[in-house]
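>>> The following block contains a protein sequence and its predicted model.
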Amino acid sequence: MSKKILIVDDESEVLKFLLLRLEQDGYTVRVAMDGETAVDLASKDIPDLVLLDINLPKIDGYEVAAQIKEIPGLIRTKIIFATADSRVRTRMKQENLPADDYLIKPFSAGEMFTLIEKHLGEPLSS
Amino acid sequence: MPQIQKPKRVSGLVSGRVTLISVLIVTFIGLSSTAATSYLFLKNQQEAFRAKFQTDVEQRVISIQKEIQSIKQVMNALTSFYQASKRVERSEFQKFSSSLLTDNDEINGLYWVPRIPHAWRDSYEGLNGGSGESLGKVITDFEGDAAADAAEYYPVFFAEPQNGSELMLGRDIKLNGALKKLLDDVKDSGVTRAGLWMDAASANDATFFVATPFYRSGAESEEEPAGYLMGSINVSALLESSFHHFQNQNIEIFASMGSDDPRISGVRYPAATLSDGQTPVFISRKDFRTLLTLDVEGQQWKLLFYPTAAYFEAPLSWIPWAILFIGLLITALFSGYLWSVYLSKKTLHKLNRQLKAEVTERHAAEKKVRASEGRIRQIVDLVPQMIYARDKDGCFLLANKQVADAYGKKVEDLIGTRYQDIHLSSDEIQRCLRDDSVVLEKNQAVTVLEETFTDVHGGRRVLQTTKIPYFWNDAVGWVVLGVSIDVTERKQLENVRLSEERYRGVIEQSVDSILLVTKSGEFVDVNQTACSTLGYQHQELLKMNLFDIDPSYNEKSLAVCWDQLAKQKKKITESFFLRKNNSTYPVEVSITRVSIRNEHFLLFSARDISQLKRMNRELEKVNTFLDLIFENIPNMVFIKDAKDLRFIRFNKTGADLIGVERESMIGKNDFDFFPKEEADFFTQKDREVLAGGKLVDIPEEPISTHDNQVRYLHTKKIPICDKNNKPIYLLGISEDITEQKMALSKLRQSNIAMENALDGIAQIDKDSGYVVVNGAYTEMLGYTSAEMKRAVWGDHVHPQDRGKMKELLSAAQIEGKAEGELRALRKDGSLFYEQVVLIKNENEFDSDFAFYCFFKDITEKKYRTSIESKSDLISMVSHELRTPLHSIREGISVMLDGLVGEISEDQKDILMTNMMSLDRLTRLVNSFLDFQRLEAGVVEFDFKNHNVNDLIKKAVMEIESLAKTKNLQLTVDTDESLPLVRCDSDRTILVLLNLLGNAIKFTEKGFVAVSVLLTGNSVKVSVKDTGVGIKDEEIPRLFQKFGQLESGKMIAPAGTGLGLAISRKIVEAQHGVLEVESDYNQGSVFSFTLPIAVGSAQKVIKKVLS
């Protein structure tokens, strides 16, 4: 079974490119453009990893991460912040954020896959 | 038989002959001797004055001589002094002279006049200068015969005038005749001489000159003097200093030279008393006027001494007058007495003549009397008066029938019998004989108005007796002739009338109605009060009886009363009397039984008691009212007995407060209700009040109530005294202040809370002046609490924010609360932000302030907010820049990876180039934002202890590939013994990457070497290359933003220009230094330091030691 990844980003272009790349590499990908939808999707179809933007409409990425981590059965789900806000670096170091790792935009495809594989292991290619 | 006594001759002190002539002689002698004596005394006094005046004049003359002598001595001393010195300098002369002038007022000036050969004259002419003018005023006669004595020349060489107005400097003395004469005189005599008396315009400015010769030292043998010391002397000042010390200043003195009457043109020394009063009699002032001639060093002075009237006011002057007065007095008295004796003698002669005539007349009358004597005797026997004559032994010489009857004897038996032998009462005998002797001794009549006499029956009679002295005959002499009238009956009647009047007065004056009633109730007598009270006329009332005015009596009850009063003395009842107008009034009646002239009556004394009744009613009302107040007053009120302090009264409020039945309190004391300590305290206070006799205020005392609660009372205790000021009761009034006390303690607590609050709190009045401020607020502003007391809030608010402050105050006034932020000023002028909350004070009991103000220093919060907002801005910018970069990158990347279809090689090339540009743009954006963050100070460093070797390895690992592409050797020289350093690892690696990147970028061949070194408290990391190097002048630009060097651009144009600037910021933020050393075209060394971690240094030291 392929690993499920949930991408949350309010920019459709980003979503489109990431979807292309991740599906190409054999992941099952779902996308959400706002926090509420993301939490809803995550609770219905448990993802293995969430690639989460921080600057989101309604509820921000930090809140989404906190809510996802609270859903029973999602304890194992990895969360990687993917944001253009470089402050996440400091916050990740200093605070106990409900996320496992972060990527700062613009990041290269290589960087992203390195992190994903670090947390999920080799993708099971069908 | 009566005989006329011969009058005695009048005699006096001076008997014998006092004739008119002798009286006149005595008067004359008295007057003349008095006048002579007083004249002698006056003469004597005049002589005494003359002698005194003579002495005074002599003393004054001597004084003038002494004064001149002293001037002479001064001048001699000066000349000797100048003679001794070789050359006299002007300054020297002036110095000594001026000190002399200061000491001697009379010296007007001193002049130095050397004798100079005429040949030298010209050289001294110049000395005259312009000052000769003032000299002219003093001496006008300088136009002498210059040629006559041309051989010599006496210029005034130096001059030191007293007041600078008389300069004679440079003048030739020879030209003034008088002065020349003086100098010649001095030259001839060789001693000091005086001359040239000058009477100036005002006599008192008169001066004369004194000259002393001096000789050239070493040439004393020469007769001619070498020159002169001249002095001008003010005569007036000379006289002043001569005379001022005399006690008696009442002599006027005139001095002149030449004039015979110095009063005309001389110098006048005035007397102290100018008034020309009365001189004593026999003294003529003119007689005292004395004119003397005095030789003053060759000058003949005329001196006139003239005493003023005041001079003679000597204490002796009254003696002659006293002598005159006493003498006249004695003369007047003595001659007056003689006159009176003389005159009285003349009167006596006249009286004696009259008496003789009288005696003759009486002898004639006597004969007539004798003739009628027989008839008189009959009459004497028949008159009802007692007539008798007794001699000085009390023996009856004459007694009429009435006298004999009174003694129960016959007239014949009575004659020749002594009064004391027949009379009975020894008291009466003594009194009677005393009267007799008075009559005889004083030879005058005596009348005894009431003489008691006991007759032969023992009955007491009252006589009115007149006794006169009567000359019986020569053998018996003077006897007492008495006439007595028996006034016994009349006296008895008078006594009765007097006692009745007195009784009547008492009755009428009485305020009570007095009614005298018979047994059957009829009025016998009533007083005026009874009439007016009952409203009847006196006569009207007397016709009525008791039953008419007091219906409670009838005949029967009056009879009962009558009987009762026979036994007891007095009966008092209350009843009502009926007035004429039928109204009644209450009376208190006192009834007594009296007997008047053996008749018995009842005396009713009735007092109108309607006033008393009304007052009693009023009093009762007032008492009820006071009781009501006592009971209902909201304070506890109690009354204690002063003796044993037991409660006599206790009001309801008090009983409720303590929680006991009021009735149970009465008669008990404090110890029955309260704990012992409280009762002891109350009792002690009570005693204090009673002993002190005045109010004691006990501001606070605890009291235990019946249900064991403690209440606090404010008690006032007052002693209530009787009319002797002895306390009989103790009145206590207590107010329950428990609630007040609790409120007060709450207030105190809130004050403590306010004082200890962490925020600033102040109470301000409506003009925003501080009423109370707490410590936190005072500290916040940096003032002392004393300074705050005088300040107002506005003082501590930034001037631009004071309007805002006023808005806050008015908002709080209207809405009760207001909140805002203000800029505040500390004492040192520094500024801070404060958050203010204003709350209106609505407590009407504590209205001395208008608002509560709460202050909080929010500067730090504000600062943090500003940093946060800056940081937010940068983050937003970075987010907005990166997001599109990411989209572009992903797009290109997807195309390059062929995820959206195959692409041609050419297309691929273009996309690759785009990708590289995109990478550069990304780096630039990242660097720029990093730099902004560093510069704004919003970057938070993650300081941790790191091994510097590890950091270097990580950096090198990352950049190794880049060095390899350029075929450069990259060497790392680490030292594992180095201590840990404290830094942010990521950022330190970034610095290393920057430095290594630059080194590789600008080096074409050779190597790039990294080395470490321990320097003091830090570790130094150096990156050395063999590249292009940097020119010295370009080094300063190296660390600037976008500061890529011209030389660098040619080699590597793709830099961001921010690398070194960022690196330097990071190194400095980590408390290190970034340095560069470079040789152009040889290469550069960039090095930076990292501070050693605390605790790590110890290890280093240990390592070095081992």
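Right, received. Where do you want to start?
>>> How many residues are close by A:Y27?
Burial measure for A:Y27: 22 neighbouring residues, criterion other CB atoms under 10 Å in any protein chain shown. (Glycine included, C-beta is placed from N, CA and C.)
>>> Just want the most central residue of chain A.
A:L51 (1.2 Å; CA atoms, centre = their mean).
>>> Where does it sit, in terms of helix or strand?
If you go by DSSP states H and E, A:L51 is part of strand A:49-52.
>>> Following element in sequence after the helix or strand of chain A with the lowest mean pLDDT, please.
In chain A, the helix or strand scored least confidently by mean pLDDT, DSSP states H and E is helix A:87-94, which has a mean of 81. Moving toward the C-terminus from helix A:87-94, the next helix or strand (DSSP H and E) is strand A:101-104.
>>> now check that next one, is it near chain B?
Yes - legend: contact between strand A:101-104 and chain B by CB under 8 Å from any CB of the partner chain is shown at A:I104.
>>> B:V1028 falls within a helix, correct?
No - counting by DSSP: H, G, I helix; E, B strand; the rest coil, B:V1028 is located in no helix; its state is coil.
>>> Specify the beta-bridge partners of the residue nearest to the centre of chain A.
Counting by DSSP bridges, A:L51 is bridged to A:I7, A:I80.
>>> is it true that it touches A:L6?
Yes - counting by CB atoms under 8 Å, A:L51 does reach A:L6; the two are 7.1 Å apart.
>>> Give me every residue in chain A lying close to chain B.
Counting by CB under 8 Å from any CB, chain A sits next to chain B at A:11, A:13-14, A:17-18, A:20-21, A:24, A:55, A:83-87, A:90, A:93-94, A:104-109.
>>> Please, a PyMOL command that selects the buried ones among the residues you listed?
This is how PyMOL selects the buried members of the residues of chain A next to chain B, with burial counted by 16 or more other CB atoms under 10 Å in any protein chain shown:
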select buried, chain A and resi 11+14+17+18+20+21+55+83+84+85+86+87+104+105+106+107+108+109
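>>> Against A:V39, how distant is the residue nearest to the centre of chain A?
Separation of A:L51 from A:V39 (CB to CB, to the nearest Å) stands at 15 Å.
>>> Partner strands of the helix or strand that contains B:F854, with direction?
Counting by DSSP H and E, the element that carries B:F854 is strand B:851-857. Using DSSP bridges, the strands paired with strand B:851-857 are strand B:760-764 (antiparallel), strand B:831-840 (antiparallel).
>>> Tell me which of those strands is the most buried.
strand B:760-764 (a mean of 21; mean count of other CB atoms under 10 Å in any protein chain shown).
>>> Would you state the strands of the stretch 401-550 of chain B in chain order?
B:446-454, B:460-473, B:477-486, B:513-517, B:523-526 (DSSP state E, counting those that start in this stretch).
>>> Output these as a markdown table; include the columns distance to B:L351, mean pLDDT and mean neighbour count.
A markdown table is the format used below for those (distance: least, CB to CB, whole Å; pLDDT from 0 to 100; neighbours: other CB atoms under 10 Å in any protein chain shown):
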| stretch | distance to B:L351 | mean pLDDT | mean neighbour count |
| --- | --- | --- | --- |
| strand B:446-454 | 28 | 81 | 15 |
| strand B:460-473 | 21 | 83 | 17 |
| strand B:477-486 | 23 | 84 | 20 |
| strand B:513-517 | 69 | 86 | 22 |
| strand B:523-526 | 68 | 84 | 18 |
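>>> Of those, give the one that comes closest to chain A.
Closest of those to chain A is strand B:513-517, at 117.9 Å (criterion: CB to the nearest CB).
>>> What is the closest one packed up against?
strand B:523-526, helix B:528-534, strand B:599-608 (3 or more CB pairs under 8 Å, 6 or more residues apart in numbering or on different chains; DSSP states H and E).
>>> Give me the pLDDT for the residue nearest the centre of chain B.
By CA atoms, centre = their mean, chain B has its centre lying nearest to B:R790, at 29.0 Å. As predicted, B:R790 sits at a pLDDT of 79.
>>> And for B:C432?
pLDDT at B:C432 comes out at 83.
>>> residues near the closest residue to it other than its chain neighbours, how many?
Distance criterion CB to CB, 6 or more residues apart in numbering or on different chains; nearest residue to B:C432, sequence neighbours excluded, is B:Y419 at 7.1 Å. For B:Y419, the count of nearby residues is 20 (other CB under 10 Å).
>>> repeat for the one 10 residues further on
A count of nearby residues for B:I429, using other CB under 10 Å, gives 16.
>>> before we move on, what about B:L921?
16.
>>> sorry, back to before: now the residue nearest to the centre of chain A: how far from B:I326?
A:L51 is 155 Å from B:I326, where distance means CB to CB.
>>> tally of neighbours for residue 110?
This is for chain A. Neighbours of A:G110 (other CB under 10 Å): 9.
>>> meant chain B actually
Number of residues near B:L110 (other CB under 10 Å) recorded here: 26.
>>> ok so it is a strand residue?
Yes - residue state for B:L110 (three-state DSSP) corresponds to a strand.
>>> So it sits against B:S97, correct?
Yes - counting by CB under 8 Å, B:L110 does reach B:S97; the two are 4.4 Å apart.
>>> related to what we said a few turns ago, and of the helices and strands packed on strand B:513-517, who's closest to chain A?
Nearest to chain A among those is strand B:599-608 (110.3 Å), distances taken as CB to the nearest CB.
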